[in-house]
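[1] Take a look and give me a structure for this.
(one chain, ligands or ions: 1)
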Amino acid sequence: MEGIERTVMTDTWLKKHRQIYLGATRHPFILGIRDSSVDISSFKRWLGQDYIFVRAFVPFVASVLLKASKESYESADIDVLLGGLAALNDEIAWFKNEASKLGVALESVVPHPINLNYCRFLESITSPDVDYTRAITAFWAIETVYQQSFAHCLEEGSKTPDDLKQTCLRWGNDDFGQYCRALKSIADRQLAKASDDVVAKAEVNFLSILEHEVQFWNMSRGTV
Ligand SMILES: Cc1ncc(CO)c(N)n1
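    Numbering: from 1, shown residues only. Model (predicted):
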């Protein structure tokens, strides 16, 4: 294979589905944080709903870890995924703290149908019938949308209000970026050895995730 350019599957998808990817990572909700026009009620709505989402995300991430321990012989994958679970642990504590600062009662937030829909999707890919390749690829996509979105709010020229910078840093910091790149390279390694059928299914999931993320931002903005 020497001298032959190998296609990196996630890069192929990112190019092919560029517009919808930008729809998820440059959404008006994110642009509103970046230019400081977002209203606090939208931010609070996002906070309450995302807390519910993150709680539903935990069993999914645990299922990816379980699949890695069964299907992959790379102990480095387990280390990356454990780091992800540790980050989720911090995230949950952060949500509780942020909610109490903003006066959002997390226990009484009613899950929005759009959120429930996304949580149901998570549940469907938590199933043992879903292979490690599809699971890790979905995990990469879900984390990366947040990483890319919030990092955008911290770039040169952004006018993110100071009190939202901590939120943006949670997903937009360099360590989280590094972690997403680690997930990407695991996903690409798995996709490179997967059957066409698995790759096709993983691509369908990737597109579903982008659509769910756009809907999630729409819900947060209050436009649906
Ligand atoms: C909706 C949503 N997507 C992705 C992430 C990343 O963890 C999150 N917290 N919430």
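[2] Would you mind listing what in the protein touches the ligand?
    Contact residues (CB under 6 Å from any ligand atom) of the chain with the ligand: Asp50, Phe53, Val54, Ile142, Glu143, Val145, Tyr146, Glu213, Phe216. For the C-beta atoms, the positions are set from N, CA and C on the backbone; glycine is no exception.
[3] Of these, which belong to helices?
    Of the positions in these, Asp50, Phe53, Val54, Ile142, Glu143, Val145, Tyr146, Glu213, Phe216 sit in helices, assigned by DSSP state H.
[4] Enumerate every residue touching the second one.
    Shown here is Phe53, whose contacts under the criterion CB atoms under 8 Å, 6 or more residues apart in numbering are Asn115, Tyr118, Cys119, Phe216.
[5] Asn218 is in contact with the first one, correct?
    Meaning Asn115. No - when contacts are counted by CB atoms under 8 Å, Asn115 is not listed as touching Asn218 (11.3 Å).
[6] before we move on, back to that, from the ones in helices among the residues of the chain next to the ligand, which would you call buried?
    The neighbour-count criterion (16 or more other CB atoms under 10 Å) marks Asp50, Phe53, Ile142, Glu143, Val145, Tyr146, Glu213, Phe216 among these as buried.
[7] closest to Arg6 among the residues you listed?
    Glu143 (23.7 Å; CB to CB).
[8] Which residue comes closest to the closest one once chain neighbours are left out?
    Cys180 (5.4 Å; CB to CB, 6 or more residues apart in numbering).
[9] Just give me the neighbour total for that neighbour.
    22 (other CB atoms under 10 Å).
[10] So Gln148 versus Phe29, what's the distance?
    14 Å (CB to CB, to the nearest Å).
[11] the helices in this structure, which residues?
    9-16, 18-25, 28-34, 40-71, 75-102, 113-126, 132-152, 162-172, 174-192, 196-221.
[12] Let me know which of those is tucked in deepest.
    helix 132-152 (a mean of 24; mean count of other CB atoms under 10 Å).
[13] What is that one packed up against?
    helix 18-25, helix 28-34, helix 40-71, helix 75-102, helix 113-126, helix 162-172, helix 174-192, helix 196-221 (3 or more CB pairs under 8 Å, 6 or more residues apart in numbering; DSSP states H and E).
[14] related to what we said a few turns ago, just the contacts of Phe53 now: which is nearest Val61?
    For the contacts of Phe53, the nearest to Val61 is Cys119 (13.4 Å; CB to CB).
[15] Do I have it right that that closest one meets Asp50?
    No - checked against CB under 8 Å, the pair Cys119 and Asp50 is beyond contact range at 11.4 Å.
[16] check contacts around the residue in the chain that the ligand sits nearest to.
    Per CB to the nearest ligand atom, Tyr146 is where the chain lies closest to the ligand, at 3.8 Å. Residues in contact with Tyr146 (CB under 8 Å, 6+ apart) are Trp171.
[17] Now do the same for the residue nearest to Glu143: its pLDDT.
    As summarised for this prediction, Cys180 has a pLDDT of 98.
[18] for Glu2, same thing?
    pLDDT recorded at Glu2 is 56.
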